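Student: Give me a 3D structure for the following:
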Amino acid sequence: MKLQLLRTLPVALAGLLIGSAASAQEKPASSATFRTWSIGVNAGVLTPLSPLGGKNDFSNNKSGFGYGLYIKKQITPYFSLRLDGVRGKLKGDNTEPYESGVVNNSPVKAFDTQLAYSGSLNAVVNMFNIDMFKKENALQLYASAGAGIAGYKPTITTAAGTSLYAGDKNIQELIIPVGLGAKFRISDAVNFDLGWTINFVDGDNLDGYYRGGNDKYNYAYAGLEFALGSGKQLAFHNPVALTYDEAVSAKQTAEGLKSDLDAQKAENAKLRSEMIDLLKDSDGDGVADKLDKCPNTPSGTVVDGAGCPLKTPEKVVEKVIVTEEDRKVVNEAIKNLEFDLGKATIRSKSYASLNRVAALLIEKNFSLKLAGHTDNTGSKELNLRLSKDRAESVKAYLVSQGANASRIEATGYGMGQPIATNKTAAGRQQNRRVEFTLY
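Tutor: Here you go, the predicted structure:
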C-alpha cells in the first residue's frame, strides 16, 4: 500500500498543479490586475534534528548544505498552493555525548545521507497583514503544510568501516512538511523569503539506523521569490483596506451629492419665482402682463399678440395646409432651441429661427402646439414644472414677435415621454426638448 502511494503521489501532485495552470488560462481576468504565479529559489541548512520531541538517533547532529526551488499559485490574498523541491546533505555522528552527558554507544558511529530529491505540494496560508488599513503591505507572515515524497541514499560508518545502508539505490518515503516563514516585498516582482520547515518522514531509514521510530529533518533557508506577469502581487493585497477606502469614498460622494442637491433646490426656488413673475396674466387673455399692451381686457375677448382686442373678431375658418417647407422652418427652430441650464430662459442663439416660426404663424395663421419634455434628472414635480415653463417661455417669445397667443398651446409633460434612454448623457440630451406641432 505504501509503495503504491509513493508511485501515484507525484502524478497526483503534477496533475493538480497543471489543473491550476489550465484554470488560470481559462480565466485571464483573475490575473489581469494581480500577479498570481511565482517561482522561488532558496538555499540554507539541513539538520537531522527532532526539536518537537523524541530522541535523536545520533548525539552530534551536523549541519549540511541544502537548496531548493518552488512554483506557487496564489489563489486568494490569504491562500496559495506551492510545489516545493529540495536537495542537499544530512549528516551526524556520536563523537560527542548527548547534552545530558550520556554517551551514545550505538553500533552505527556516523552517517552521511545524500537527499537526492524531495518533492511536496503545500498549502500556504498568509496569517495576517501587518497593517489592516494599508492596501498593500511590505511584510507577510505565513504558515505551510503539505505532503510529498523524498528519495535519499544513506552512507553509514560502523566498527567494520563505511558502507551504503541500502546498497546502491535510493530509499523513497512519504514526508509531511510543516513550516513557518516571513516574506519581505522588495518590489512588485521580487520578494525576500525566510523560512523554516520540519519534515516528518514516514520511516526510520533517513540516518541509516533503524530503531522503530520515524525520523525528522529540518530545512532553514533564505531565498528570492519572483512574481510572474504584470500588476501588483495578490499575496500582498489587502481586501480589508480596499473595502474601507471604498466605504470612505462612498461617504464623501454622498456628502458631495447632498451639497449639490441643496444648491439645486435653492436655484429651482429662485427659478420658480422668476417664472411666476414672467408668466403672470392678470386679465387671463393669454398674454403675460409684461407683454400685454392692453391690460384688463374683458374675459372672453379675442386678442392679438400684444393683448389688444382684434378688430375682426369673427372666426375665419380656412383649410390649413402644412407644407414641407413649413415643417423645415419648424424643425430648424427645434434644432437650434437652447435654454440656460436648469432654467426656462431662451438663449439668444435661438431667436433667429424662432423669429421665422413667428413669421410663419402670422403669415399662414397656423395653430401651434408646444410640448415641453425633460430627462429624469431631479424630481417628477420639478421636471413637470420646468417642461411647462419652457413651453410657456417659447410661447411668450413667439407672441412678442406678433404671433396670435390664442393659436398657441403650451403644455409640459415632464419626464413622462422620453424618446431615448436616460442612462446616457446623449440620451438625456435628446429627452430635454420642446416639440413644435403645426396644424
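Student: so where do the helices sit in the stretch 101-250 of the chain?
Tutor: 239-278 (DSSP state H, counting those that start in this stretch).
Student: which stretches of it aren't confidently modelled?
Tutor: Within the stretch 101-250 of the chain, the stretches with pLDDT under 70 are 128-136, 239-250.
Student: Now do the contacts for Gln430.
Tutor: With contact taken as C-beta atoms under 8 Å, 6 or more residues apart in numbering, Gln430 is in contact with 419-420. (Glycine included, C-beta is placed from N, CA and C.)
Student: Quick check, pLDDT for it.
Tutor: Here, the pLDDT recorded for Gln430 equals 84.
Student: you'd agree it is in a helix?
Tutor: Yes - Gln430 forms part of a helix when assessed by DSSP: H, G, I helix; E, B strand; the rest coil.
Student: Quick check: it vs Asp389, distance?
Tutor: 20 Å (C-beta to C-beta, to the nearest Å).
Student: Could you do Ala288 as well?
Tutor: Taking C-beta to C-beta, one finds Ala288 at 12 Å from Asp389.
Student: anything in contact with each of those two?
Tutor: Common neighbours of Ala288 and Asp389 (C-beta under 8 Å, 6+ apart) are Leu279.
Student: Looking at the two now, which is surrounded by more residues?
Tutor: Set side by side, Ala288 and Asp389 show more neighbours around Asp389, with 23 against 20, by other C-beta atoms under 10 Å.
Student: thinking that one is in contact with Gly414, fair?
Tutor: No - applying C-beta atoms under 8 Å as the test, Asp389 and Gly414 come out as separate, 11.2 Å apart.
Student: residues of stretch 393-400 that come out buried?
Tutor: 393-400 (16 or more other C-beta atoms under 10 Å).
Student: which residues touch that stretch?
Tutor: 275, 278-279, 286-288, 291, 305, 337, 339, 344-346, 351, 354, 357-358, 361, 368, 370, 405, 408, 410, 434.
Student: Go through the residues you listed and flag which are in helices.
Tutor: 275, 278, 351, 354, 357-358, 361 (DSSP state H).
Student: Tell me the buried residues within those.
Tutor: Buried among those (16+ other C-beta under 10 Å): 275, 278, 354, 357-358, 361.
Student: Next one: Arg211 from Phe58, what distance?
Tutor: On the measure of C-beta to C-beta, Arg211 and Phe58 end up 11 Å apart.
Student: More neighbours: which of those two?
Tutor: Taking neighbours as other C-beta under 10 Å, Arg211 and Phe58 compare with Phe58 leading, 24 against 11.
Student: From Asn104, how far out is the more buried one?
Tutor: 7 Å.
Student: Can you pull the residues that touch both of those two?
Tutor: If you check Phe58 and Asn104 against C-beta under 8 Å, 6+ apart, the residues they both contact are Asn94.
Student: Against Pro107, how distant is Ile171?
Tutor: For Ile171, the distance to Pro107 - C-beta to C-beta - is 19 Å.
Student: Count the residues that sit near Asn104.
Tutor: 18.
Student: Tyr98 is in contact with that one, correct?
Tutor: Yes - Asn104 lies in contact with Tyr98 (C-beta under 8 Å); the separation is 6.6 Å.
Student: hang on, isn't Val287 packed against Gly305?
Tutor: Yes - counting by C-beta under 8 Å, Val287 does reach Gly305; the two are 7.1 Å apart.
Student: Now do the shared contacts for these two.
Tutor: 399, 405.
Student: can you pull the alpha-carbon coordinates of stretch 36-52 into PDB?
Tutor: Extracted in PDB, the C-alpha atoms of stretch 36-52 (Å, rounded to 0.1, in the frame of the first residue of the first chain):
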ATOM      1  CA  THR A  36      -0.700  35.200  -9.000                       C
ATOM      2  CA  TRP A  37       2.100  32.900 -10.300                       C
ATOM      3  CA  SER A  38       5.600  33.000  -8.900                       C
ATOM      4  CA  ILE A  39       8.800  30.900  -8.700                       C
ATOM      5  CA  GLY A  40      11.300  30.900  -5.900                       C
ATOM      6  CA  VAL A  41      14.900  29.700  -5.300                       C
ATOM      7  CA  ASN A  42      16.500  29.300  -1.900                       C
ATOM      8  CA  ALA A  43      19.400  27.800   0.000                       C
ATOM      9  CA  GLY A  44      20.100  27.100   3.600                       C
ATOM     10  CA  VAL A  45      20.900  24.500   6.300                       C
ATOM     11  CA  LEU A  46      19.700  20.900   6.500                       C
ATOM     12  CA  THR A  47      19.900  19.200  10.000                       C
ATOM     13  CA  PRO A  48      18.600  15.800  11.100                       C
ATOM     14  CA  LEU A  49      17.100  17.100  14.400                       C
ATOM     15  CA  SER A  50      13.900  16.500  16.300                       C
ATOM     16  CA  PRO A  51      13.100  19.800  18.000                       C
ATOM     17  CA  LEU A  52       9.400  18.900  18.700                       C
END
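Student: Of Ile171 and Pro107, which one has the most company?
Tutor: Ile171 (18 against 9).
Student: beta partners of the more buried one?
Tutor: Beta-bridge pairing for Ile171 (DSSP bridges): Tyr152.
Student: Relative to Leu164, how far out is it?
Tutor: 11 Å.
Student: Kindly report the same for Asn355.
Tutor: From Asn355 to Leu164 the distance is 111 Å (C-beta to C-beta).
Student: Those two: who's more crowded?
Tutor: The neighbour count for Asn355 versus Leu164, taken as other C-beta under 10 Å, is higher for Asn355 (15 against 12).
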